[in-house]
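Enquirer: quick one, fold the following:
(one chain, ligands or ions: 1)
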Amino acid sequence: MIIDGRAVAARIRAELFTRTALFFEKTGRKPAIAVVLIGSDPASEIYVRNKLKGCDETGIRSVDVRLPETVSAKEAASALRELASRDDIDGILLQLPIPARLDARLLLREIPAEKDVDGFSTQNLGALARGEEGFVACTPLGVMELLKRYNIPTRGKHAVVVGRSNIVGKPMSLLLLNADATVTVCHSRTADLKEECLRADILVTAVGKAGLITADMVKEGATVIDVGMNRGKDGKLCGDVDFENVQKKAAFITPVPGGVGPMTVAMLLSNVCTAAEKRLK
Ligand code: NDP
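Expert: Numbers count the residues shown, from 1 in each chain. Have a look, this model is predicted:
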């Protein structure tokens, strides 16, 4: 079965619309996010535009903050600090990547954990590692939501996550662990990727290499979640998985595009609502 991320994301957005309307009824204002973009990287411009559009469609107020490519670290930090102190802003997102001369780690520290709707802060990732409440990175959160909505059990299952980045692979493996899966995490130094993948009931790949996961690496009846986003030789968007051949073996599989991608923005919007609701309490 092909997992339809677009349909699930649309359902989540409809649910969010109800949540934001309720919030407005109670407070007389909309949940709000500030989206900070430094410079004018074309891919980042598109991501930001999608996020702002998503806000619009779900009753979330967005504040579009543009800082010039030449902004100093001090100025960028001070802009984030000002947003952090504002009572009318519930969530702050710093669009990555930022210009190489700036230190993303230092800037992310200016976003307080309760407004860190991207879940990238050390505090939130630490909370996830401890199995405590906090904001979780939107892409892995979106994967968990897909598993839940397709009734794919995780308890006692063997999950293999390929990729160990702080924004996808690591939080993904922690979420699966917290959901009682037995988790193996693979990366570029894994000795035998095929052998590890073949043991997966749930295989999540977040690498960024087209065609990395082939049918001979997938167990019959496995669930295959493809987070990868690549340009194929034909210039079309594709994931890490050889979709055509792997879909013949997998019980469930996400396509690219139309799988995990749409879930990322939906979960961001959901985190903004949660941030606003928590602050209200
Ligand atoms: P990173 O480049 O930060 O991480 C890639 C990971 O893949 C690293 O852990 C790396 O290992 C591992 N890796 C690289 N080569 C291999 C290999 N041959 N075998 C096994 N593991 C390997 O990427 P991100 O985590 O940021 O993103 C991963 C992919 O997901 C990208 O394609 C990105 O575009 C996509 N993405 C999609 C999103 C969506 O909304 N759908 C959102 C975010 C990302 P090592 O640590 O050893 O270097």
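
Enquirer: quick one: neighbours of Leu96, just the number.
Expert: The local packing of Leu96 (other Cβ atoms under 10 Å) involves 16 other residues. C-beta here means a position set from N, CA and C on the backbone, and glycine is covered the same way.

Enquirer: before we move on, what about the one 10 residues further on?
Expert: A total of 11 residues lie near Leu106 under the criterion other Cβ under 10 Å.

Enquirer: please settle this for me: is it part of a strand?
Expert: No: looking at Leu106 with DSSP: H, G, I helix; E, B strand; the rest coil, it is helix, so not inside a strand.

Enquirer: now do the host helix or strand of Ser270: distance to the chain's middle.
Expert: Assessed by DSSP states H and E, Ser270 sits inside helix 261-280. Distance, stretch centre to chain centre, for helix 261-280: 11 Å (Cα atoms, centre = their mean, to the nearest Å).

Enquirer: can you list the buried residues in that helix?
Expert: 261-277 (16 or more other Cβ atoms under 10 Å).

Enquirer: among these, which are in reach of the ligand?
Expert: Contacts with the ligand within these, as defined by Cβ under 6 Å from any ligand atom: Gly261, Thr264.

Enquirer: what ranges does the stretch 101-250 of the chain have for its strands?
Expert: 158-162, 182-186, 202-205, 223-226, 230-231, 237-238 (DSSP state E, counting those that start in this stretch).

Enquirer: strand partners of the first one, parallel vs antiparallel please.
Expert: So the one you mean is strand 158-162. The pairing partners recorded for strand 158-162 under DSSP bridges are strand 182-186 (parallel), strand 202-205 (parallel).

Enquirer: up against the ligand, what does the stretch 101-250 of the chain have?
Expert: 139, 162-165, 167-169, 186-190, 193, 206-209, 212, 227-230.

Enquirer: thinking again about what came up before, the strands of the stretch 101-250 of the chain into TSV, with extra columns for mean neighbour count?
Expert: TSV is the format used below for these (neighbours: other Cβ atoms under 10 Å):
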stretch	mean neighbour count
strand 158-162	26
strand 182-186	20
strand 202-205	28
strand 223-226	28
strand 230-231	13
strand 237-238	17
